[in-house]
Structures are given as C-alpha cells and as structure tokens.
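**Student:** Any chance you could fold what I've pasted below:
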Amino acid sequence: MDTDRTLRTFTDFYVERGHHLITGSTLLPPPSDPVLFTTSGMHPLTPYLEGRPHPRGRRLVNVQRCLRTTDLDEVGDSTHLTVFEMLGSWSLGDYGHSQSLRWGFELLRDGFGIPEGQLYVTVFGGDDQVGPDTESLCTWEESGVPVEPTVEDNWWSNGPVGPCGPDSEIFVWTGGDDTPPEGTPTTDPRWVEVWNHVSMRYRRHEDGSLTPLSQPNIDTGMGLERLLTVLQGRDSVYETDLFEPWTRLLPRLWDLDEPSFRVVCDHLRSGVVVIGEGVRPTNTGRGYVLRRLVRRLLTTLWQRDPTRTLSDLPRELVEHTLDHFRLSGGTDPVLGVLLDEEDRFGKLLDRGHRVLSQPRYRGRLTEEDYHYLHDTHGLPRDLVVGMRSLRR
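**Tutor:** Model (predicted):
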C-alpha cells in the first residue's frame, strides 16, 4: 500500500462516515498563536475543541503537516522526522469513544489489511483522581483485541492545564510474520504504536484538580510515515516509498553512513518544506529553526568532505517534496535560499576558524568565552562546539 493509497483509504473511510475533510496544510499558525510551527493535528483545532462551533460541523478528518523541534536530536534513528504528516479524525461533542475505537479497529483491519492477531492496545488503568477507562476496556474486549492497562502512558494532556483525558493507543506487531507476537506493548519494543484515540473529557486546573468538559471530544492522531513503515514492512521511515527518490539519488551523490544520511535527508526535506511555506533564514523565530536545520545538515555533510555543496542537489528531490506537500513556491526559489544560506554559513565558518585559532581559544572554553564569541563574533554556542570537528 503506497503513500497515495494510504492517504485515500484513511480520508475516504471517515468521509463515508459523515466526516468533513478539512484543509490541514500550513505549518504556520496564525499570528496570534505563540507557537512557531504547527506541532500536531489537533493544534489548529484548539478553539473548536474548547467549544467553539466549527463551520464544517462536528465530525472532521484531515491530514496535517507538522514540525517538531523537540525531536531534532532524535533525527538519525529509524522513526523520528522533523517535518511529518498526521492523519487525524475528530468528534466535536458528537459520537463517543467506543464508536471511535470500533471505527479505528475496522479501518486497520479491513481498510489497511492488518491481521487482528498483530494488534494490541493499551488503555488507562486509573489513578487517584480518575478511575479506569472501563468503556475502552470493554470495547476492545468485545473486539477480541488484547488489552494492557497503564497509567501515565494512557493519559493525554496538551500541557499542565487545559483539556485532557484518557486515551487508547493501538500497537502493531513488527516482529515479522514468522515470529508469533510476544509480550505486551510495555514489555516488547516490537509492538509499535501507530494510532492514539483520546477521549478529551476533562479540564485540568492550575491546582491540579479536574472538572468534566461541557463538550467532551474525540481526538485521534496517526503518523503517516510510521503507518507506512508498518504497512510496507520496512525497518525505518526512510525505506518507505515516500522517501524513494531520496534513497535512490542521495547515496549516488554523497557517501554517508546511515545516521548521517538520515540527518541530511530529513533536514533537507524539512528545509524545503519550511522554505516552501515562505519562511527565510534569520537569527530568531521560525527563520532560526530553518537556519539551524540547514546548518546542521551542512555540518554533517562537511565533516568528511568540505567540498560537498548543495548546488549538486538533484532538482527532482526538491520537486518531489514540494509536490507531496502541495507547495507551489517553485524549485528555483527554494534552491536559491538553500545555496545562499550555504554561502553565508561557509563564510561564517571561515571567520570562526580564524577566531578560534587564537591561543586563548585552544583549550577548554568557559561560559564567558561562549558569551564573547556569540556577542562579538556572531558564533552561537552550538556552532562553536561543532566547528572543532570541521575544517574548511
């Protein structure tokens, strides 16, 4: 099941059940939102989850592009991406959690063809404030899917205060068809979570107390790239058809070990998307996130070969990314921003190496040194640390 078919299967399933397909495109929240980028499928819907009527009704489905800077240091493993897409469905005070779980089970089994024996779920087992989520437990037991109760792992919140509630996480066995499923999701890492169904029933207050929401909601989220990894039987998101042009073209261009390839692939792809959204490199805000992405990928590229350049990047990779994310900025402008930032970074490195070659910086640097290098020479701490492994 390729990317396009997976997307259609998900959205068609919910549209057939009365959900309105809404646009989940931009990474950029409205100016009034303090968050730099959209981080989840529910993020743009926060006002409606708080009770405001949505113009498209009470049943919604979308595919939302997201960016999370909190996972930057994890990029390079088999699952984490900076820019990713979230498949989401919502009930805004309409149907309940049991219905959401039954539809989720039906879609995974009949729509995506995942055998029942390769599914496992976890539910909220209760704590000193809220009892166990018996509704979810009974629903899954009726479906014949094994259930494991937990506490912290199955309580969803969007922060220390605000809407929250128990959730049910659905896992798929990835140990191979020849290996019968073993253990539970909390004891065997071969159970991989693919979908979370949240029953948003409560509001947590600053004193830690909970009160029921006047409008309970259902919020589900499933990462597209992780789902593709499972459906296509791959070991990492980079082996799915979504990344086929990257895995076909980049290794021919640059000889990189696996973690470095993944960092370069992710950061280039993410940079293309952010530039396609209209963001440009700066020293603050969204522009700094973009600058950090580009400079981190260049640092990775130049560690073994300082002659590597983004001017060699195949246009097909940029075109493929812009097309998948439905961005119309054009290939040439995106490449122009990348090359300009590469030139700026190269000049900064040259200047930085001249500064750091001074005797006072050859030993261990103090906090005062880092502040001086930043304030006087424009060399951020993370760049200074990384420069010691780079020679231009």
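**Student:** could you show me where the helices are in the protein, in order?
**Tutor:** 3-15, 46-49, 97-106, 134-143, 224-231, 244-253, 258-276, 285-302, 315-324, 331-356, 367-377, 381-387 (DSSP state H).
**Student:** Specify the stretch among those that is closest to residue 76.
**Tutor:** Shortest distance between residue 76 and the helices of the chain, using Cβ to Cβ, is found for helix 258-276: 4.1 Å. C-beta: built from backbone N, CA, C; applies to glycine.
**Student:** got the angle for that closest one vs helix 244-253?
**Tutor:** Orientation of helix 258-276 against helix 244-253 (axes from the mean of the first three to the mean of the last three Cα atoms, to 10 degrees) gives an angle of 120 degrees.
**Student:** List the contacts of the residue nearest in space to the middle of the chain.
**Tutor:** The residue lying closest to the centre of the chain (Cα atoms, centre = their mean) is residue 84, at 4.4 Å. Contact analysis of residue 84 by Cβ atoms under 8 Å, 6 or more residues apart in numbering lists 65, 66, 68, 223, 224, 225.
**Student:** excluding its backbone neighbours, what's nearest the last one?
**Tutor:** Same thing as residue 225. residue 237 (4.3 Å; Cβ to Cβ, 6 or more residues apart in numbering).
**Student:** I'd like the distance between the one you found and residue 223.
**Tutor:** Here residue 237 is placed at a distance of 9 Å from residue 223 (Cβ to Cβ, to the nearest Å).
**Student:** And residue 87, by the same measure?
**Tutor:** Residue 87 is 8 Å from residue 223, where distance means Cβ to Cβ.
**Student:** With residue 184 instead?
**Tutor:** Distance of residue 184 to residue 223, computed by Cβ to Cβ: 21 Å.
**Student:** quick one, which of those two is more surrounded?
**Tutor:** residue 223 (21 against 15; other Cβ atoms under 10 Å).
**Student:** who does the more buried one bridge with?
**Tutor:** residue 86 (DSSP bridges).
**Student:** Let me see the contact set for it.
**Tutor:** Listed by Cβ under 8 Å, 6+ apart, the contact set of residue 223 reads 84, 85, 86, 87, 194.
**Student:** rerun at 10 Å
**Tutor:** The contact partners of residue 223, taken as Cβ atoms under 10 Å, 6 or more residues apart in numbering, are 41, 66, 79, 81, 84-87, 193-196, 229, 237.
**Student:** Tell me which of those has the lowest pLDDT.
**Tutor:** Among these, residue 79 carries the lowest pLDDT, at 82.
**Student:** Tell me if I'm right that that one and residue 225 touch.
**Tutor:** Yes. Residue 79 is in contact with residue 225 according to Cβ atoms under 10 Å; the separation is 8.0 Å.
**Student:** and for these two, which residues touch both?
**Tutor:** 236, 237, 238.
**Student:** burial measure for the residue nearest to residue 235 when sequence neighbours are not counted, as a count.
**Tutor:** Excluding the flanking residues, the one nearest residue 235 by Cβ to Cβ, 6+ apart is residue 78, at 6.1 Å. Applying other Cβ under 10 Å, we find 14 residues neighbouring residue 78.
**Student:** Next: the one 5 residues further on.
**Tutor:** Neighbouring residues of residue 83 were enumerated by other Cβ under 10 Å; the total is 23.
**Student:** do the same with residue 219
**Tutor:** Per other Cβ under 10 Å, the neighbour tally for residue 219 reads 26.
**Student:** now do the one 5 residues further on
**Tutor:** Using other Cβ under 10 Å, residue 224 has 22 neighbouring residues.
**Student:** quick thing: my sequence starts at 401, can you match it?
**Tutor:** Done: numbering now begins at 401, and the last item shifts to residue 624.
**Student:** Please verify my assumption that it contacts residue 630.
**Tutor:** No. Under the criterion of Cβ under 10 Å, residue 624 is not in contact with residue 630, lying 11.1 Å apart.
**Student:** roughly how far apart are the residue lying closest to residue 590 once chain neighbours are set aside and residue 585?
**Tutor:** Nearest non-adjacent residue to residue 590, counting by Cβ to Cβ, 6+ apart: residue 575, 4.0 Å away. Using Cβ to Cβ, we find residue 575 at a distance of 12 Å from residue 585.
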